[in-house]
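J.: prediction below, plus the sequence it came from.
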Amino acid sequence: MNYDKLAKEIIQEVGGEKNVTSLVHCATRLRFTLKDNTKANKQKLENTEGIITVKESGGQFQIVIGNTVPEVYDAIGKNSNLLSDSRTKDDSTGGKKGNIIGQAVDIVSSIFAPLLGVMAGAGILKGLLLIANNVGWLDTAETTYIILAAAADSLFYFLPLLLAVTTARKFEGNVFTALTIAGALVYPSIINLKAEGIATTFLGIPVTMMSYSSTVIPIILAVIVMSKLEKVCQRFIHESVKNFVTPLISLVVMVPLTLIVFGPFGVNVGNAIADGIVAAFGFSPMLAGAILGASWQVLVIFGVHWGLIPVFINNIAVNGQDGVKPASTASVFAQTGAAFGVMLKTKNKKLKALAGSATLTALFGITEPAIYGVTLRLKRPFIAGVIGGAVGGAIIGQAGTKAFASGAPGLLTLPVFYGPGGEGFMGLILGIVTAFVVSAILTYVLGFEDPVEVDETEGSPKGSETTEKNDEEILSPLDGKVIALSNVPDQVFSSEAMGKGIAIEPTSGRVVSPVNGKVSVAFKTKHAIGLVSDSGAEILIHVGIDTVQLDGKYFTSHIEQGDQVKVGDLLVEFDIDKIKEAGYQVVTPIIITNTPNYADIQPIEKESINEQETLLGLKAYSSDKEKIA
């Protein structure tokens, strides 16, 4: 793989450096925050060698790479200024903020993603030391154990310092000032005030001393406020002294403020969240484990799993163990089993090879290739994985398995679940094995639509003739003004990257079915509908530009995925005025997403159109030879 070439292509297709607000990476994804997502060519990126898929979730433009994401990230650093801390304000701000949940997910993922690699390594080492001590190979008094324990525990003990760095980078604060504030929280004399129970005040104000080693929320809150304070100082303090006066003010204000306000608030909120989730497991560990085991990979797809990671870390920091995280491991091994089932079942050589490699990768905790490349793409295997994850999660929850260190679930991190006496560890093993086996069997039994293997020398499916396709007319799903696709203010549509078609500026807020067929995709955000006609045309109706950001607001859906529809059936209603007031255009592309299956697609030549009038003419190939040519 030429990482430099791939890096340059990615930078270009996300809209160039000036369109990037921030970039971080996790175990498998490049996570961009873009100023304008419409400038990114998602379709071209998905078709680029080295990229598994592209997802837009949680306010981020996520490019799924797989195991080689660190190499691609480094190549982007070499071929651009995107990873430089010296970027100007104009280059690093101005992106769309999205909804509150999206912003929260973006913040948490940006802060924690850079630490995942070393956190996993330290977690594995900590787990191995627990096993070595429990089976009598190493004693905690031995210097070998002490040295290795320091290597394993230092990240978690000094976690506030590491989070200070990533939070400062996210909010454009001074990294070294943030580190100094975090260092004050774990300064020996501050720790002694807590340990010795000394009554503490600051200028007569009582200070409730807390233990800040391994904490998450206090330093994040402190650095966010610090970054805002710095910007105020930079605005009003003279340039000749601001480089040292600004850090002085930040330290004098933020350290006491953190100890008085953010520290106690953050620690207590973190404990309350952790107690709530632990209480759910206490009420019914089997049910709670089943829910988490079923839903974890779904949460990963949408990027909202980041909201639970601080809870896992907080539980381990405060209690020395966490009873929530183990059930998520079942979900990982369930999707692994589903991919394995596909490998056994499929007769397509390319899919078999992909499923095999994805299975191996997923065993070590990297599930994106298995999910996006195999199970989610084939639908039923993903559902089988959800069921298997629920069964395995229920077993793990009932066994009372605990995690004693952090690390992404996978074969290498199993030691982090081995605690004193090995309690609950065999339940974990039984749970992940069950999740794997149940998912594999269900995938094999339920089956899936096996892609037809194409004979590249002939250009047609092996052992079969190309199905004859008839000419077809697509009727208008809307009333409105007809607009050429090339004039749509969205590069993905106007470039015909998703297929040929036409667009309509609607004059009434309703979408009706343009064909007799089936609803293939009913988006949760209600802004788009995918249809497959009885004759095989695949149609995407996308109401508005970037209206996914509305998260369903001002839309009313009248259909569900899988519904059979007839011409004229009401699909969706929407409020044109409200959508425009929210700052979005309502121009609606109608795309034939399987364009290559047709010899020609002819839009109607009219300025305006009514519902159920002819909109597009689809001309079939006259022969297989014509299609191949």
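T.: Nice, I can see it. Computed from a predicted model, the values in this text were never measured in an experiment.
J.: right, and Lys78 touches Lys5 too?
T.: No. Look at Lys78 against Lys5 with CB atoms under 8 Å: they stay out of range, at 11.9 Å. Yep, even glycine has a C-beta here, placed from its N, CA and C like the rest.
J.: between the two, which one's more packed in?
T.: Between Lys78 and Lys5, counting by other CB atoms under 10 Å, Lys5 is the more crowded of the two (14 against 10).
J.: least trustworthy helix or strand in this structure by mean pLDDT?
T.: helix 89-92 (a mean of 38; mean pLDDT, DSSP states H and E).
J.: show me where the stretch 301-450 of the chain has its helices.
T.: Per DSSP state H, counting those that start in this stretch, the stretch 301-450 of the chain carries helices over the ranges 309-319, 326-345, 349-363, 368-370, 376-378, 380-399, 425-446.
J.: tell me which other helices or strands the third one touches.
T.: For helix 349-363, the helices and strands in contact under the criterion 3 or more CB pairs under 8 Å, 6 or more residues apart in numbering; DSSP states H and E are helix 326-345, helix 368-370.
J.: ranking those helices by burial, who's on top?
T.: Highest mean neighbour count of the helices and strands packed on helix 349-363: helix 326-345, a mean of 30 (counted as mean count of other CB atoms under 10 Å).
J.: roughly how far is that one from the heart of the chain?
T.: Computed by CA atoms, centre = their mean, to the nearest Å, the chain-centroid distance of helix 326-345 equals 19 Å.
J.: also stretch 60-80?
T.: Per CA atoms, centre = their mean, the centroid offset for stretch 60-80 relative to its chain is 15 Å.
J.: in the stretch 451-600 of the chain, which spans are strands?
T.: Applying DSSP state E, counting those that start in this stretch to the stretch 451-600 of the chain gives strands spanning 454-455, 460-461, 472-475, 480-483, 500-506, 510-512, 517-522, 528-533, 538-542, 555-557, 564-565, 570-574, 588-592, 600-603.
J.: typed the wrong thing, it's the stretch 101-250 of the chain
T.: 200-202, 205-207.
J.: got the ones you listed as a markdown table, with mean pLDDT and distance to Leu412 columns?
T.: Converted to a markdown table, the strands of the stretch 101-250 of the chain look like this (pLDDT from 0 to 100; distance: least, CB to CB, whole Å):
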| stretch | mean pLDDT | distance to Leu412 |
| --- | --- | --- |
| strand 200-202 | 89 | 43 |
| strand 205-207 | 88 | 42 |
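J.: pretty sure Ala222 contacts Pro256?
T.: No. Using CB under 8 Å, Ala222 is not in contact with Pro256, being 10.8 Å away.
J.: with neighbour numbers in mind, choose between the two.
T.: It is Ala222, of Ala222 and Pro256, that has more neighbours when counted by other CB under 10 Å, with 29 against 15.
J.: for the more buried one, which non-adjacent residue is spatially closest?
T.: Using CB to CB, 6 or more residues apart in numbering and skipping the chain neighbours, the partner closest in space to Ala222 is Thr258 (4.3 Å).
J.: do the same with Gln297
T.: The shortest distance from Gln297 to any non-neighbouring residue, by CB to CB, 6+ apart, is to Ser331 (4.7 Å).
J.: if I look at the one you found, how far off is Gly389?
T.: As judged by CB to CB, to the nearest Å, Ser331 and Gly389 stand 4 Å apart.
J.: got any residues that touch both of those two?
T.: Applying CB atoms under 8 Å, 6 or more residues apart in numbering, one finds that Ser331 and Gly389 are jointly contacted by 293-297, 435.
J.: closest to Lys553 among the residues you listed?
T.: Closest approach between those and Lys553, by CB to CB: Ser295, at 24.2 Å.
J.: for the closest one, give me its contacts.
T.: So Ser295 contacts 331, 386, 389 (CB under 8 Å, 6+ apart).
J.: wait, isn't the first one in contact with Gly293?
T.: If I follow you right, that is Ser331. Yes. Counting by CB under 8 Å, Gly293 is a contact partner of Ser331 at 5.2 Å.
J.: what is the neighbour count of Ser240?
T.: So Ser240, with other CB under 10 Å, has 7 neighbours.
J.: let me know the pLDDT of it.
T.: In the predicted model, Ser240 carries a pLDDT score of 79.
J.: what's the separation between it and Leu259?
T.: Ser240 is 32 Å from Leu259, where distance means CB to CB.
J.: which residues does the nearest residue to Gln612 once chain neighbours are set aside bridge with?
T.: Leaving out its chain neighbours, the residue that sits closest to Gln612 by CB to CB, 6+ apart is Leu475, at 4.9 Å. Taking DSSP bridges as the rule, Leu475 bridges to Thr614.
J.: neighbours of Leu475, how many?
T.: 18.
J.: likewise for the one 5 residues further on?
T.: Number of residues near Gly480 (other CB under 10 Å) recorded here: 21.
J.: so it versus His527, what's the distance?
T.: 16 Å.
J.: so Asn19 versus Pro420, what's the distance?
T.: Between Asn19 and Pro420 the computed distance is 52 Å (CB to CB).
J.: which of these two has more residues huddled nearby?
T.: Higher neighbour count among Asn19 and Pro420: Asn19, with 20 against 11, using other CB under 10 Å.
J.: ok, now which ones touch that one?
T.: By CB under 8 Å, 6+ apart, the contact list for Asn19 reads 34-36, 39-40.
J.: and these, which of them are in strands?
T.: Among these, DSSP state E puts Leu34 in strands.
J.: export the contacts of Asn19 as JSON lines, with columns for distance to Val587 and pLDDT.
T.: Below are those laid out as JSON lines (distance: CB to CB, whole Å; pLDDT from 0 to 100):
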{"residue": "Leu34", "distance to Val587": "21", "pLDDT": "89"}
{"residue": "Lys35", "distance to Val587": "21", "pLDDT": "88"}
{"residue": "Asp36", "distance to Val587": "16", "pLDDT": "88"}
{"residue": "Lys39", "distance to Val587": "17", "pLDDT": "89"}
{"residue": "Ala40", "distance to Val587": "19", "pLDDT": "91"}
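J.: returning to that earlier point: let's have the contacts of Ser295 in a markdown table, adding pLDDT and distance to Ile107.
T.: Output for these, formatted as a markdown table (pLDDT from 0 to 100; distance: CB to CB, whole Å):
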| residue | pLDDT | distance to Ile107 |
| --- | --- | --- |
| Ser331 | 92 | 24 |
| Val386 | 93 | 28 |
| Gly389 | 94 | 27 |
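J.: pick the one among those closest to Phe448.
T.: Val386 (14.4 Å).
J.: now the stretch 301-450 of the chain, which segments are flagged as low pLDDT?
T.: Residues of the stretch 301-450 of the chain that meet the criterion pLDDT under 70 lie in 301-307, 317-318, 368, 372, 407-408.
J.: okay if I get the strands of the stretch 101-250 of the chain as TSV plus distance to Pro326 and mean neighbour count?
T.: TSV is the format used below for the strands of the stretch 101-250 of the chain (distance: least, CB to CB, whole Å; neighbours: other CB atoms under 10 Å):
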stretch	distance to Pro326	mean neighbour count
strand 200-202	38	12
strand 205-207	37	12
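J.: next, the buried residues of stretch 600-618.
T.: Neighbour-count burial for stretch 600-618, counted by 16 or more other CB atoms under 10 Å, picks out 601, 603, 609, 611, 615-616, 618.
J.: and the residues you listed, which two are furthest apart?
T.: Farthest pair in these, by CB to CB: Ile601 and Glu611, 20.3 Å.
J.: ok, how many other residues are close to Thr143?
T.: So Thr143, with other CB under 10 Å, has 7 neighbours.
J.: measure it to Gly389 for me?
T.: Thr143 is 43 Å from Gly389, where distance means CB to CB.
J.: same thing with Glu449?
T.: 22 Å.
J.: cool, and Glu613?
T.: According to CB to CB, Glu613 and Gly389 sit 48 Å apart.
J.: what do you get for Asp546?
T.: Distance, Asp546 to Gly389, using CB to CB: 33 Å.
J.: out of these two, which sits in the more crowded spot?
T.: Remark: of Asp546 and Gly389, Gly389 carries more neighbours, 37 against 17, as counted by other CB under 10 Å.
J.: report the contact partners of the more buried one.
T.: With CB under 8 Å, 6+ apart, Gly389 has these contacts: 293-297, 330-331, 333-335, 435, 439.
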